[in-house]
Structures are given as C-alpha cells and as structure tokens.
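with the sequence up front, the predicted model follows.
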Amino acid sequence: MSTTFDKTRANGAVPLRKRLSSLRIYLGVLIVILWGLGPFYWMAVTAFRDPVYQFDNTPWPTHLTLENFRDVFDTSRGNDFGRALLNSVIIGSVTTVIALVIGIFAAYALARLAFRGQYVVAGLILSASMFPVVVLVTPLFQLFTNLGWIGKYQAMIIPNISFVLPLTVYILASFFTELPWELEEAARIDGASKMQAFRLIMLPLAAPAVFTTAILAFIASVNEYLLARLLSSDQTEPVTVAIARFSGNNPLVQPYAAIMAAGTIVTIPLVIMVLLFQRRIISGLTAGGVKS
C-alpha cells in the first residue's frame with residue numbers, strides 16, 4: 001500500500017514541477033513583453049489621442065483623433081517630416097549596402113583564410129565598436145568641416161558605416177566559420193576558382209545571415225542621433241533629428257502627441273518588417289550549427 005501511495009505521490013509531483021516550470025517561463029515571457037512593448041503601446045495610445053488630452057494618464061485609448069498624424073506632415077510650422085523619412089531611408093540603405101559589401105569579404109577572409117595577424121585584425125575590427133560615439137563627435141566635426149561635408153549625406157553615412165561594420169563582420173564571420181569546408185572544396189575540384197566557389201556556393205548558403213545582418217545594420221543606422229544632430233542640415237536631417245526638434249502651434253508647449261505620432265510612423269514599418277521576416281532573422285542568427 002505504501003509503495004503504491006509513494007508512486008502516486010511521485011507521479012503527481014512531476015507534473016506539478018513541470019507546471020511550475022512552465023509557469024515561470026510564461027511569467028518571464030510576459031514580463032519581457034510588457035517591458036518591451038509597454039513604451040510602444042503608450043506611444044501609440046498618445047499618438048491617436050486629442051492634443052488637448054495629451055497629458056491624460058488613462059491607460060487605454062481615449063479621445064481618438066488623426067489630427068496628430070496630419071500635424072506630423074504639416075510643413076507650415078517648419079517641420080518637413082516627409083523629407084526626413086526619405087533622408088533616413090537614403091542614409092540607412094547606403095550604409096547597409098556598403099557595410100555588407102565590405103563586411104562579407106572581410107568576414108569571409110577572417111573565417112576562411114589563414115594569414116599572419118588574423119586574430120589581431122579581428123580584434124581591431126571588434127574593438128572599433130567599443131568607442132563611445134561622444135568621443136568621436138569633435139574630431140569628426142572638425143574633419144568634415146575642413147572637407148566641407150557638414151550638412152551632406154556622406155558626413156552621416158561614413159561614420160554609420162564604421163559603427164555597423166563590426167557588427168556585420170562579427171555575425172557573418174561566425175556564420176562562415178561554421179559552414180562546411182567540403183562544399184567549397186567540391187566546387188574547387190569541379191574547376192571553380194576561389195571567387196566562383198565563394199560567389200556560387202558559399203554566398204547563397206550565407207543568405208540568411210546576410211539578410212539578418214542587413215536588417216540589424218539598417219535599424220542601427222536609422223536609430224543614430226548624436227552625430228546626425230551635429231552633422232546634418234535642414235535638408236539632410238534624418239527622422240531622429242526631425243522628431244527631436246518637432247515644433248507645434250504653441251512655442252511654450254511641447255507637441256508630445258505629434259511627436260508620438262511621428263515615432264509611431266517610424267516604428268511601425270520596422271516592427272512589421274521584423275515580424276514578416278522573423279523566421280529568416282532567427283535562422284540567420286542561429287544558423288551555422290552543422291550536425292556531425
């Protein structure tokens with residue numbers, strides 16, 4: 001009798017521990033979701049709220065209106081949000097393309113080629129991402145002033161490349177390292193050159209990692225503010241700068257509702273893009289594990 005009771009108690013304890021473990025997991029996921037999406041939710045709620053009630057603390061949508069979104073694209077007060085969006089797309093796209101072109105070849109060389117100082121080069125590339133941006137403000141401002149680049153696109157694109165390139169090289173090098181050598185060797189045996197083996201065999205296999213890196217590099221370049229604030233002009237400023245200096249009807253009152261609407265317009269496309277391509281992003285970040 002006691003043995004049967006012990007088995008029943010033991011069998012009941014295992015599902016209980018599993019339920020508690022699952023509960024902790026779901027609780028942790030809930031906390032992360034609230035922590036990450038809470039600010040976005042409040043931004044969206046304020047974006048659709050009447051500007052008269054922009055300081056209302058009601059946690060659900062009230063006094064709904066589209067006036068804030070009309071104000072965002074209203075140029076009568078000196079705001080040119082549409083141009084700022086175009087500037088961000090130009091800066092982010094050019095930065096991403098150049099960083100990918102350089103990063104793909106650099107990552108492949110670090111992963112596949114054996115040369116003297118290989119680890120020193122990898123360390124220097126990664127150490128470049130450790131410099132705080134504020135340290136570079138003064139020398140870059142002086143340099144671009146001497147070159148006459150202040151207020152031009154290249155003044156923001158070139159620094160952004162240096163910021164996203166270490167991330168690009170790091171992700172792609174990790175992926176290339178885990179790709180099986182046999183594929184490249186088989187292509188070489190079939191008569192392909194190193195460049196052909198890279199272009200026709202290895203690069204298509206690295207497509208998930210390249211796609212993931214492109215998205216992360218684009219988001220990082222679009223989110224840059226400090227250098228863009230100092231190096232851009234009214235014609236080349238990105239959305240981060242345009243939102244920061246948004247002006248409303250009353251110069252004494254900050255147009256928080258319109259600012260939230262502008263932030264929602266910028267954020268929603270990025271969220272949709274990540275949701276649409278989340279499988280490819282995850283596969284790019286987790287790819288490279290070759291089963292033995």
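Nice, I can see it.

give the contact list for Leu216.
Val164, Leu167, Ile171 (CB atoms under 8 Å, 6 or more residues apart in numbering). Yep, even glycine has a C-beta here, placed from its N, CA and C like the rest.

tell me the one of these nearest Ile268?
Val164 (22.4 Å; CB to CB).

what sits against the closest one?
So Val164 contacts Thr95, Thr96, Ala99, Leu216, Ala217, Ala220, Ser221 (CB under 8 Å, 6+ apart).

need the longest helix for the protein.
helix 2-47 (DSSP state H).

whichever helix or strand comes after that one - contacts with which helices or strands?
Next along the chain after helix 2-47, taking DSSP states H and E as the criterion, comes helix 67-72. Under the contact definition 3 or more CB pairs under 8 Å, 6 or more residues apart in numbering; DSSP states H and E, helix 67-72 sits against helix 256-276.

tell me what angle the helix it packs on forms with helix 2-47.
130 degrees (axes from the mean of the first three to the mean of the last three CA atoms, to 10 degrees).

so for helix 256-276, what gets flagged as buried?
Tyr256, Ala257, Ala258, Ile259, Met260, Ala261, Ala262, Gly263, Thr264, Ile265, Val266 (16 or more other CB atoms under 10 Å).

for stretch 189-198, same thing?
So for stretch 189-198, counting by 16+ other CB under 10 Å, buried means Ala192, Ala197, Phe198.

contacts for that stretch?
Residues outside stretch 189-198 that contact it (CB under 8 Å, 6+ apart) are Tyr108, Glu184, Ala187, Arg188, Leu200, Ile201.

which SS class is the second one?
To tie it back to what came earlier, the one meant is Glu184. Put simply, Glu184 is helix when judged by DSSP: H, G, I helix; E, B strand; the rest coil.

ok, which stretches of the stretch 151-292 of the chain are strands?
Ranges of strands in the stretch 151-292 of the chain, per DSSP state E, counting those that start in this stretch: none exist.

what segments of the stretch 51-200 of the chain are helices?
67-72, 81-112, 118-127, 133-147, 154-178, 181-189, 194-197 (DSSP state H, counting those that start in this stretch).

reformat those helices as TSV; add mean pLDDT and distance to Val29.
Below are these laid out as TSV (pLDDT from 0 to 100; distance: least, CB to CB, whole Å):
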stretch	mean pLDDT	distance to Val29
helix 67-72	88	32
helix 81-112	92	30
helix 118-127	80	31
helix 133-147	90	33
helix 154-178	89	25
helix 181-189	80	38
helix 194-197	81	43
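
which one of these lies nearest to Arg19?
Smallest distance to Arg19 across those (CB to CB): 37.0 Å, for helix 154-178.

what comes up buried for that closest one?
Under the neighbour-count criterion of 16+ other CB under 10 Å, helix 154-178 has 155-161, 163-176 buried.

and for stretch 198-215?
Buried residues in stretch 198-215, counting neighbours by 16+ other CB under 10 Å, are found at 198, 201-202, 205-206, 208-215.

dump these into CSV; add distance to Val135 and pLDDT as well.
Output for these, formatted as CSV (distance: CB to CB, whole Å; pLDDT from 0 to 100):
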residue, distance to Val135, pLDDT
Phe198, 36, 82
Ile201, 42, 81
Met202, 37, 83
Leu205, 38, 83
Ala206, 33, 83
Pro208, 35, 81
Ala209, 30, 84
Val210, 31, 88
Phe211, 32, 85
Thr212, 29, 84
Thr213, 25, 88
Ala214, 27, 90
Ile215, 27, 87
